[in-house]
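[1] The sequence and its predicted three-dimensional model are supplied below.
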Amino acid sequence: MTAVNARFQGEDLMKRPSLRSQMIEWVLWRLRVKGRFANTDGFRERVVKSRPTNPRPPRSFYRRYRVDETSQAGKPIFTISPRNGLARKHLLYLHGGAYVFEIMGIQWRMLARFLDEADAAVTVPLFPLAPESTCEQIFQFVLGVYRVLQNDGKPIVVIGDSSGGAMALSLSQQLRDAGATQLAKLVLLSPWLDVTCSDPAQAILDRSDPLLALPGLRQAGIWYAGKLSPTDARVSPLYGDLAGLPPILVLTGTHDLLNSDAHRLRALMASLPGALKMSEYRNMLHVWPTMPIPEAREAMNEILTFMQIDDLQERPQTLVGEDNPPVPASTKISGMRAATDDAAQVNDLDHSPAVVSRP
């Protein structure tokens with residue numbers, strides 16, 4: 001078996017991507033969306049200009065669910081609950097956007113599926129963003145939100161996509177270091193776990209990703225780190241201690257520049273049996289579970305199964321406060337690339353074990 005076949009073993013992984021998925025990727029290449037990260041000239045101005053003036057849940061949320069809005073340090077925090085009031089767990093969603101962009105409509109739509117099917121309330125903090133704020137300031141905000149959520153006594157599952165995935169993992173590390181009660185589970189979607197973007201595999205993965213590019217990511221990572229080293233575990237949790245964390249589900253696609261971060265995390269946690277499950281979806285883009293494609297439904301089904309709390313107990317929560325503060329610690333459409341084009345080169349770099357887990 002070749003290295004390429006070993007990486008993409010499994011009947012599910014060998015099927016072709018859906019036509020809708022292929023068309024979305026083709027459109028993204030044609031629109032040159034990647035360009036917003038490819039050129040750092042004027043990047044800061046483009047970032048600020050792109051932000052909505054008043055980001056809020058879609059209007060449909062106010063009809064379908066109960067939406068409560070609070071604030072912290074002048075930033076809104078939305079808690080959305082089923083109208084029947086039945087929620088056995090609480091989801092804390094940390095949105096992606098390279099630490100610089102606000103939450104997007106497709107991310108809200110993904111959350112609607114959780115509200116409809118996960119038996120949960122969802123809290124969405126619109127935390128401060130870089131470059132105006134840095135990692136330390138942003139986490140001060142996020143920890144404050146988490147402290148309030150602990151008061152309802154329900155198990156807390158944290159979901160993060162892209163940069164939000166790194167924040168979710170770092171939050172869990174900081175809670176562990178503080179001796180606080182841990183999260184119930186962690187779900188990391190296309191996580192960006194190392195802001196240095198220094199893995200050699202990423203130069204190859206870049207060719208298949210129509211959304212992200214290394215120059216802009218590295219600049220955003222510098223802004224986010226602020227006075228901290230980019231390899232500080234609070235900034236890049238891949239460099240932190242990965243023991244003593246809750247069960248983790250990682251979803252990653254092979255047309256994602258950050259795919260190698262997921263593989264590195266899996267390799268680092270290989271000595272911790274059962275601590276992490278990684279599912280790799282062939283030809284899927286960065287944060288594809290937010291997209292209107294059949295593969296997103298498949299990923300969402302996997303997430304919903306993972307988040308089941310039949311084996312979890314509602315319990316008192318230990319607050320993170322002044323007495324125990326966190327301690328630092330296929331077929332191609334013209335203009336698209338197939339995963340197999342670069343898979344052999346990625347495997348030759350041997351940046352991590354090429355083991356794929358799928359349900």
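    Arrived safely.

[2] which residues does F78 contact?
    R56, P57, V67, D68, E69, T123, V124, P125, L126 (C-beta atoms under 8 Å, 6 or more residues apart in numbering). From N, CA and C alone the C-beta is placed, and that goes for glycine too.

[3] could you point out which element follows the helix or strand hosting it?
    Assigned by DSSP states H and E, F78 belongs to strand 75-82. Scanning forward in sequence from strand 75-82 by DSSP H and E, the next helix or strand is strand 89-94.

[4] circling back to that earlier point, how about the strand holding F78, which residues are buried there?
    Within strand 75-82, the residues scored as buried using 16 or more other C-beta atoms under 10 Å are I77, F78, T79, I80, S81, P82.

[5] Please enumerate the strands of the stretch 1-150 of the chain.
    Using DSSP state E, counting those that start in this stretch, the strands of the stretch 1-150 of the chain run over residues 65-72, 75-82, 89-94, 120-125.

[6] For the third one, what does the pLDDT average out to?
    The average of the pLDDT scores along strand 89-94 is 97.

[7] Check which strands are paired with it and give the direction for each one.
    Looking at strand 89-94 with DSSP bridges, its partner strands are strand 120-125 (parallel), strand 156-161 (parallel).

[8] I'd like the ones you listed as JSON lines, with mean pLDDT and mean neighbour count appended.
    What follows is those, written out as JSON lines (pLDDT from 0 to 100; neighbours: other C-beta atoms under 10 Å):
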{"stretch": "strand 120-125", "mean pLDDT": "97", "mean neighbour count": "24"}
{"stretch": "strand 156-161", "mean pLDDT": "98", "mean neighbour count": "26"}
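
[9] which stretch among the strands of the stretch 1-150 of the chain comes nearest N151?
    Of all the strands of the stretch 1-150 of the chain, it is strand 89-94 that lies closest to N151, at 10.3 Å by C-beta to C-beta.

[10] Please work out which residues outside that closest one touch it.
    Applying C-beta under 8 Å, 6+ apart, the set of residues contacting strand 89-94 is 111, 114, 118-125, 127, 142, 145-146, 149, 152, 154-160, 164-165, 167-168, 171, 184, 307, 309, 312.

[11] ditto for stretch 35-55
    Residues contacting stretch 35-55 (C-beta under 8 Å, 6+ apart): 76, 98, 100-103, 126, 129, 131, 211-217, 219.

[12] 10 Å - rerun?
    The contact list for stretch 35-55, computed with C-beta atoms under 10 Å, 6 or more residues apart in numbering, reads 32, 76, 78, 95, 97-105, 108, 124, 126, 129-132, 206, 209, 211-220, 223, 257.

[13] chain center to stretch 24-31, what's the gap?
    22 Å (C-alpha atoms, centre = their mean, to the nearest Å).

[14] Quick one: mean pLDDT over that stretch.
    On average, the pLDDT along stretch 24-31 is 97.

[15] ditto for stretch 231-244
    Averaging pLDDT along stretch 231-244 yields 98.

[16] pretty sure D241 belongs to a helix, no?
    No - in this structure, D241 is coil, not part of a helix, as judged by DSSP: H, G, I helix; E, B strand; the rest coil.

[17] Looks like it contacts L169 (just checking).
    No - in this structure, D241 is not within contact of L169 by C-beta atoms under 10 Å, at 11.2 Å.

[18] which residues are common contacts for the two?
    Common neighbours of D241 and L169 (C-beta under 10 Å, 6+ apart) are A233.

[19] Which one of these two is surrounded by more residues?
    Neighbour totals were compared for D241 and L169, and L169 leads with 27 against 12 (other C-beta atoms under 10 Å).

[20] Which residues are in contact with the more buried one?
    Contacts of L169 by C-beta under 10 Å, 6+ apart are 94, 158, 160, 186, 188, 191, 193, 233, 236-238, 240, 242, 245, 248, 250, 265.

[21] Just the buried residues of stretch 31-43, please?
    Neighbour-count burial for stretch 31-43, counted by 16+ other C-beta under 10 Å, picks out K34, R36, F37, F43.

[22] Using CSV, list the CA coordinates for that stretch.
    Output of stretch 31-43 as CSV, limited to C-alpha atoms (Å, rounded to 0.1, in the frame of the first residue of the first chain):
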residue,chain,number,x,y,z
LEU,A,31,-13.6,34.6,-6.6
ARG,A,32,-10.0,34.5,-5.3
VAL,A,33,-11.2,34.5,-1.7
LYS,A,34,-7.7,33.3,-0.8
GLY,A,35,-6.4,36.8,-1.8
ARG,A,36,-7.5,38.4,1.5
PHE,A,37,-4.8,36.3,3.3
ALA,A,38,-2.3,36.1,0.5
ASN,A,39,-1.2,39.8,0.6
THR,A,40,-0.5,41.5,3.9
ASP,A,41,-0.3,45.0,2.3
GLY,A,42,-3.2,46.9,3.8
PHE,A,43,-4.3,43.7,5.6
